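> This is a predicted model, with the sequence first.
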Amino acid sequence: QLQLVESGGGLVQPGRSLRLSCAASGFTLDYYTIAWFRQAPGKEREAVTCISSSDGRTYLADSVKGRFTISRDNAKNTVYLQMNSLKPEDTAVYYCAAAIEQCATVVVTTLADYWGQGTQVTVSS
């Protein structure tokens, strides 16, 4: 069974950090472009960050530049999202996704081939 499972979400105070993990089973992540999306209540899903399978180039939304970092550990078949200096506006359900397409397409279409179940991140004092 092909599956992505996120973990690491939770409640955190503004200014603190969280690291989300996305573990794949049933397929090998290093052949796919991996993206993190988020969706806040009443808002559309948005691409937060992405790393292309072809050349490792990354994309970061302007709202998270300098604070969030995507990385992949192919040996563990896992992708990570390191989130620093969290803000209340970062509150959302975060999803990881795997796609055949490259980041330039994925971040625009917000479409992917495989999706995780999502993990809630709440930033509040």
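Good, I have the coordinates. Numbering: from 1, shown residues only.
> Just checking the distance from stretch 70-83 to the centre of its chain.
10 Å (Cα atoms, centre = their mean, to the nearest Å).
> Could you pull out the buried residues of it?
70, 72, 77-81, 83 (16 or more other Cβ atoms under 10 Å). (Each C-beta comes from the backbone N, C-alpha and C, glycine too.)
> Farthest-apart pair in those residues, please.
Farthest-apart pair in the buried residues of stretch 70-83 is 77 and 83; separation 21.1 Å (Cβ to Cβ).
> Show the average pLDDT along stretch 55-63.
Taken as a whole, stretch 55-63 has a mean pLDDT of 92.
> no, scratch that, I was asking about stretch 112-125
96.
> With stretch 19-34 instead?
92.
> count of neighbours near residue 88?
11 (other Cβ atoms under 10 Å).
> next one: the one 4 residues further on
For residue 92, the count of nearby residues is 22 (other Cβ under 10 Å).
> Then the one 10 residues further on?
A count of nearby residues for residue 102, using other Cβ under 10 Å, gives 17.
> Please read off the pLDDT at the closest residue to it other than its chain neighbours from the model.
Once flanking residues are discounted, residue 102 sits nearest to residue 52: 4.6 Å by Cβ to Cβ, 6 or more residues apart in numbering. Per-residue confidence (pLDDT) for residue 52: 91.
> which phi and psi does residue 52 have?
Here is the backbone geometry of residue 52 (degrees, to the nearest 10): phi -80, psi 150.
> cool, residue 109 as well?
Per degrees, to the nearest 10, the backbone of residue 109 is at phi -80, psi -20.
> Can you give me every residue that contacts it?
residue 101 (Cβ atoms under 8 Å, 6 or more residues apart in numbering).
> swap the cut-off to 10 Å and go again
47, 99, 101 (Cβ atoms under 10 Å, 6 or more residues apart in numbering).
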